[in-house]
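Peer 1: this one's structure only:
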C-alpha cells in the first residue's frame, strides 16, 4: 500500500484483473503474470487481488503468500530454491517436498496455495543476480506444474522479456502460463488502460464528489501513474499525505 502514488483509499479494484485472476485459478495453469511498463499500477492491482482473495469465503481453506522479490536475495540466496524459501517462510520442515506437503494438508479438493511475487522493478542488482533469480523461478514453475500451488507475478515488460528468453523449455513454459485476455505481444503488456468509468470512480474519491470531469482530463489519466501528479497539484502542500 505504501507504494501507491495517491492515498491507497482512493485506489479501486479493477474488474479486468479480478476476472483474469478468477479465470487463472480455474485454468489449471501453473502461473500468471501482470505485465506492463512502469506506472501502470501493478503493485496496487496485486494488493487489491490479494485482499479480495483473503476476504472471500469461497477461498476459506486456501492460503495466500505475498512476497517481495528482494526477500530472496538475503542470506543463503545462492543455496536456497524458491520452494525452500517458501518452506522457511511458512515454517514447513525443509526436508519435506513443498508440493507433496500442500497436497496432503489441503483437505478441501478446491483448496490451494497461491504465491504472489512482486517488486521486480525495485530490485537494484547486477544482471547476473537477476538472471539467477529468474532461473530459480523457472525451476519453481517446473516444480508446481499440475500441483495445487499457483504463482502470480507482477513484472515490468523489460523484465518479462528477459524472463521468457531465459527458459530453455519455452513451448512447455508458455503452455503453463495464463496470459489473460489483454496480453499484447507488441507492447509486452496485459494491463489495459483505465476505462472512463474507472477514472471517474477514482476522481470522485479524490474530489469527494460524483461530478464527472471533462474528457480531456480523463484521457490524460488513462495511465494510473498520472493520478499522482493530479493529486499533488490538487491538494495544498500542507494537506497532502506524504
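Peer 2: Structure received. Treat the numbers as computed from the prediction; the structure is a model and nothing was measured. Numbering: from 1, shown residues only.
Peer 1: C-terminal to the lengthiest strand in the chain, which secondary structure element comes first?
Peer 2: Longest strand in the chain, counting residues (DSSP state E): strand 149-156. Elements were assigned by DSSP states H and E; along the chain past strand 149-156, the next helix or strand is helix 157-165.
Peer 1: Might you calculate how far that next one sits from the centre of the chain?
Peer 2: From the chain centre to the centre of helix 157-165 is a distance of 15 Å (CA atoms, centre = their mean, to the nearest Å).
Peer 1: where exactly do the helices run in the protein?
Peer 2: Applying DSSP state H to the chain gives helices spanning 15-25, 42-55, 82-90, 98-105, 127-144, 157-165, 170-175, 196-207, 215-220, 226-234.
Peer 1: on that earlier part again, strand partners of the longest strand of the chain, parallel vs antiparallel please.
Peer 2: Strands that pair with strand 149-156, judged by DSSP bridges, come out as strand 31-36 (parallel), strand 113-118 (parallel).
Peer 1: I'd like to check the angle between that strand and helix 82-90, please.
Peer 2: Relative orientation of strand 149-156 and helix 82-90, computed by axes from the mean of the first three to the mean of the last three CA atoms, to 10 degrees: 100 degrees.
Peer 1: Now do strand 149-156 against helix 157-165, angle only.
Peer 2: Angle of strand 149-156 versus helix 157-165, following the same axes, to 10 degrees, is 130 degrees.
Peer 1: Return the residues in contact with the closest residue to residue 36 other than its chain neighbours.
Peer 2: Once flanking residues are discounted, residue 36 sits nearest to residue 191: 4.2 Å by CB to CB, 6 or more residues apart in numbering. All C-beta atoms are positioned from the backbone trio N, CA, C, and that covers glycine. Residue 191 makes contact with 17, 34-36, 40-42, 45, 182 under the criterion CB atoms under 8 Å, 6 or more residues apart in numbering.
Peer 1: Could you check how far residue 191 is from residue 203?
Peer 2: Distance, residue 191 to residue 203, by CB to CB, to the nearest Å: 20 Å.
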